[in-house]
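>>> Got a predicted structure plus its sequence, pasted below:
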Amino acid sequence: MSKDRMRNSTRVEGLLYQHRLEKRVTGENSAHPGTEYIRGTVDIATDDAMLNIVSVNYTYVTATNKSGGTNETFVNLSNIINGVFGTVMEVGPERATKLRLDSSVGVNDFYSDRNGVEELVSAKRNEGGFVRVISTLSPKEEDRSTFDCDMIITNVRHVEADHDRDLPEKAVVGGYVFDFRKSILPVEFSAINPGAIRYFENLDATENNPVFTRVRGQQVSTTVVYKRTEESAFGDPVVRETTTSRKDFVITWAQPEEYVWNDPTTFTEEELKEAKQNREIHLAEVRSRQENRGSAFGTGTMAEAPKMSSKMEFDF
């Protein structure tokens, strides 16, 4: 582990399934007014049956990088928008373009107004990264949607299986990872293997006694259809189908020995405290932007608003 650069990477490869990308131009209040950029999401079918659909979000991708050179990710995203790269939904799986997206774990912070109560939502997602055209896919499907992170674990809770919804027993592993700006990101991953469940639950990790380690795993993003039978006082029973999405980051590996906690060579309690304080400043900015955006449209609805600042101008 490098203290200056915490591990936080994801890899998503497969067929280009569909996209929700668009080209926009920054406004006059941007750090660089009049700059064309791309934002939106790319969906990749990572398995041969095209049931595991993983999304990667792009917030601000410009045509050139900081050194003035051509940004290949902008070129490839433009090819997706213009139809040069075919999607499964448009041209079928035989002609769809094979892509590999090297991204990272991020969170989409926004405040939601639920029944008059403001609630912070920090939705985990793949954030940004390189886009490459590839000729062949990894032979093992589980290698096509992965993540690899240095993680500060602060809590683990047990979740029983839900057989009606085909959801397994698991341990939810909560804590923090870091982005390339060294900003702290609250995340939850899952452990499903019985040995993994026991391992993480036996850590006894808490906010005051965290465990700092490295974890790897697989991204699961599938649609589950389950049936429920309702008996009737007369006639045949009624069978109802319900469709739900299962999106999860499932830990499949953890390094044998954890990093030493509260050590200058790894990470200290003081550094964690400072990272949390910086996050509170970030969340205050998120709230302010949403309130201003709501006022501009004559409503107080708390909805996601894109941040157009120099911090978001990535060098992909």
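Nice, thanks for sending it over.

>>> same for the one helix or strand Ile80 maps to, what does it pack against?
Ile80 belongs to helix 72-81 when assigned by DSSP states H and E. On a contact count with 3 or more C-beta pairs under 8 Å, 6 or more residues apart in numbering; DSSP states H and E, helix 72-81 meets strand 8-25, strand 36-45, strand 53-62, strand 130-133. (Glycine included, C-beta is placed from N, CA and C.)

>>> What helices and strands are in contact with the third one?
With contacts defined as 3+ C-beta pairs under 8 Å, 6+ apart, strand 53-62 has these neighbours: strand 8-25, strand 36-45, helix 72-81, strand 117-127, strand 211-230.

>>> ranking the ones you listed by burial, who's on top?
Among these, the stretch with the highest mean neighbour count (mean count of other C-beta atoms under 10 Å) is strand 36-45, at a mean of 21.

>>> who's in contact with Arg24?
36-39 (C-beta atoms under 8 Å, 6 or more residues apart in numbering).

>>> Swap in 7 Å and give it another go.
Neighbouring residues of Arg24 by C-beta atoms under 7 Å, 6 or more residues apart in numbering: 37, 39.

>>> Same check on the one 3 residues further on?
With contacts defined as C-beta under 7 Å, 6+ apart, Gly27 is in contact with Pro33.

>>> Let me know the secondary structure of it.
Put simply, Gly27 is coil when judged by DSSP: H, G, I helix; E, B strand; the rest coil.

>>> Can you report how many residues neighbour Thr87?
21 (other C-beta atoms under 10 Å).

>>> likewise the one 4 residues further on?
Look at Val91: counted by other C-beta under 10 Å, it has 14 neighbours.

>>> same deal with Leu283?
There are 15 residues near Leu283, going by other C-beta under 10 Å.

>>> same question, Leu51
12.

>>> Just say helix, strand or coil for it.
Under three-state DSSP, Leu51 comes out as coil.

>>> Just give the nearest non-adjacent residue to it, would you?
Thr222 (5.3 Å; C-beta to C-beta, 6 or more residues apart in numbering).

>>> Tell me if I'm right that the one you found and Arg246 touch.
Yes - counting by C-beta atoms under 7 Å, Arg246 is a contact partner of Thr222 at 5.3 Å.

>>> could you point out where the stretch 201-316 of the chain is predicted with low confidence?
224-227, 242-244, 294-316 (pLDDT under 70).

>>> who's in contact with Asn52?
46, 145, 220-222.

>>> now swap in Thr26 and tell me
Neighbours of Thr26 in contact, by C-beta under 7 Å, 6+ apart: 32-35, 37, 308.

>>> With Val42 instead?
With C-beta under 7 Å, 6+ apart, Val42 has these contacts: 19, 21, 55-56, 80, 101.

>>> could you dump those residues to CSV with pLDDT?
Converted to CSV, these look like this (pLDDT from 0 to 100):
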residue, pLDDT
His19, 98
Leu21, 98
Ser55, 97
Val56, 98
Ile80, 98
Leu101, 98
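
>>> out of those residues, who's nearest Glu169?
Of all these, Glu169 sits closest to Ser55, with 26.4 Å by C-beta to C-beta.

>>> correct me, but the closest one touches Thr41?
Yes - between Ser55 and Thr41 there is a contact under C-beta under 7 Å: 4.9 Å.

>>> Grab the nearest non-local neighbour of the residue minimising distance to the centre of the chain.
The residue lying closest to the centre of the chain (C-alpha atoms, centre = their mean) is Arg125, at 1.3 Å. Spatial nearest neighbour of Arg125, chain neighbours left out: Asn57 (5.2 Å); criterion: C-beta to C-beta, 6+ apart.

>>> my guess is the one you found contacts Lys124, does it?
No - between Asn57 and Lys124 there is no contact under C-beta under 7 Å: 10.7 Å.

>>> on that earlier part again, let's have the contacts of Thr26 in JSON lines, adding distance to Asp164.
Listed next are these as JSON lines, based on distance: C-beta to C-beta, whole Å:
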{"residue": "His32", "distance to Asp164": "52"}
{"residue": "Pro33", "distance to Asp164": "54"}
{"residue": "Gly34", "distance to Asp164": "54"}
{"residue": "Thr35", "distance to Asp164": "50"}
{"residue": "Tyr37", "distance to Asp164": "45"}
{"residue": "Met308", "distance to Asp164": "45"}
